[in-house]
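S.K.: Build me a model:
(one chain, ligands or ions: 1)
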Amino acid sequence: MSKSALPRHVAIIMDGNGRWAQQRGLPRLVGHEQGSKSIRACVEGAMEAGVEFLTLYAFSSENWKRPAPEVEGLMRLLERFLDDKLKEMLKEGVRLQAIGRISELPPICQRKLAEAIAATAANTRLTVVLALSYSGRVEIVDAIKGIVREAREGKLTGEEITPEFFSDRLYTKGIPDPDLLIRTSGEMRVSNFLLWQLSYTEIHVTPKLWPDFGKEDFLAALADYAGRNRRFGGI
Ligand code: FPP
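M.R.: Take a look at the predicted model:
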């Protein structure tokens, strides 16, 4: 695959865990557990192909509204994910980062997340970004609040506010915009994910439910991307 045919940054809306479980008469949490395994498959696919950034929508701000046992189960899965995967991330050269209102997570998750982020900070092969307690609108509002603070402190005139300046105030500062967004389970929605960053992102929607999404599916999405003609508003 030529360099421009390979996305530098792939973002994924991992949807359909609940339906996967429901179809089998299993509790929703079994679907989420199975979904954790698809993460591993995509990380492998990304490393194999040479993708630099992989951003995963693991828990949205809206997900707090789910029944408490499901929320608690997802937080336990996050803890387990961090416990189980740290060694592998270190071995494989994967750097972990997180975006979202991380301070809203249970303290134990915050601690394990901070430890894994610090331990993997020097890795360069692939950056995995977990979106946790994440909302695209809240991210934009948080950026504006920061800019207003800078202005109040007299650090800004307003002239310097450009799209690039604004991008640097988002949780994703330093991370390139996604080239490819994958959404599973067939829904044609962006669902409050990376609203600013997805401006020119190519979108690949597959009917497969997230727990059924494997490495081959990830590589097929990369091949679909390679056939796209990106014009960025030009001709
Ligand atoms: C969407 O399925 C998925 C989520 C809300 C959570 C994603 C979580 C994982 C893949 C596993 C946990 C991993 C970590 C790192 C925490 P859904 O429940 O909305 O599915 P449905 O639309 O079929 O109900």
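
S.K.: Please name the nearest non-neighbouring residue to the residue in the chain positioned nearest to the ligand.
M.R.: Per CB to the nearest ligand atom, G18 is where the chain lies closest to the ligand, at 2.4 Å. Every residue, glycine included, has its C-beta placed from N, CA and C. Closest residue to G18 apart from its sequence neighbours, by CB to CB, 6 or more residues apart in numbering: R28 at 4.7 Å.

S.K.: Could you do K112 as well?
M.R.: Nearest to K112 is L82, by CB to CB, 6+ apart, at 4.3 Å.

S.K.: which stretch of helix or strand covers R230?
M.R.: Using DSSP states H and E, R230 maps to neither a helix nor a strand.

S.K.: Can you check the pLDDT for it?
M.R.: The model reports R230 with a pLDDT of 84.

S.K.: ok, it - how many residues close by?
M.R.: The local packing count at R230 equals 11, with neighbours defined by other CB atoms under 10 Å.

S.K.: how close does it sit to A11?
M.R.: Taking CB to CB, to the nearest Å as the measure, R230 falls 16 Å from A11.

S.K.: for K208, same thing?
M.R.: From K208 to A11 the distance is 17 Å (CB to CB).

S.K.: The residue of the chain most remote from its centre: helix or strand, and which one exactly?
M.R.: No residue in the chain sits farther from the centre than G154, which is 34.4 Å out by CA atoms, centre = their mean. Secondary structure assignment for G154, by DSSP H and E: no helix or strand.

S.K.: try R40
M.R.: According to DSSP H and E, R40 maps onto helix 28-49.

S.K.: cool, I147 as well?
M.R.: helix 136-152.

S.K.: For that helix, buried residues please.
M.R.: Buried residues in helix 136-152, counted by 16 or more other CB atoms under 10 Å: 136, 138-139, 142-143, 147.

S.K.: With distance to Y225 and pLDDT as new columns, can these be given to me in JSON lines?
M.R.: Rendered in JSON lines, the data for the buried residues of helix 136-152 read as follows (distance: CB to CB, whole Å; pLDDT from 0 to 100):
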{"residue": "G136", "distance to Y225": "21", "pLDDT": "98"}
{"residue": "V138", "distance to Y225": "28", "pLDDT": "98"}
{"residue": "E139", "distance to Y225": "24", "pLDDT": "98"}
{"residue": "D142", "distance to Y225": "30", "pLDDT": "98"}
{"residue": "A143", "distance to Y225": "28", "pLDDT": "98"}
{"residue": "I147", "distance to Y225": "33", "pLDDT": "97"}
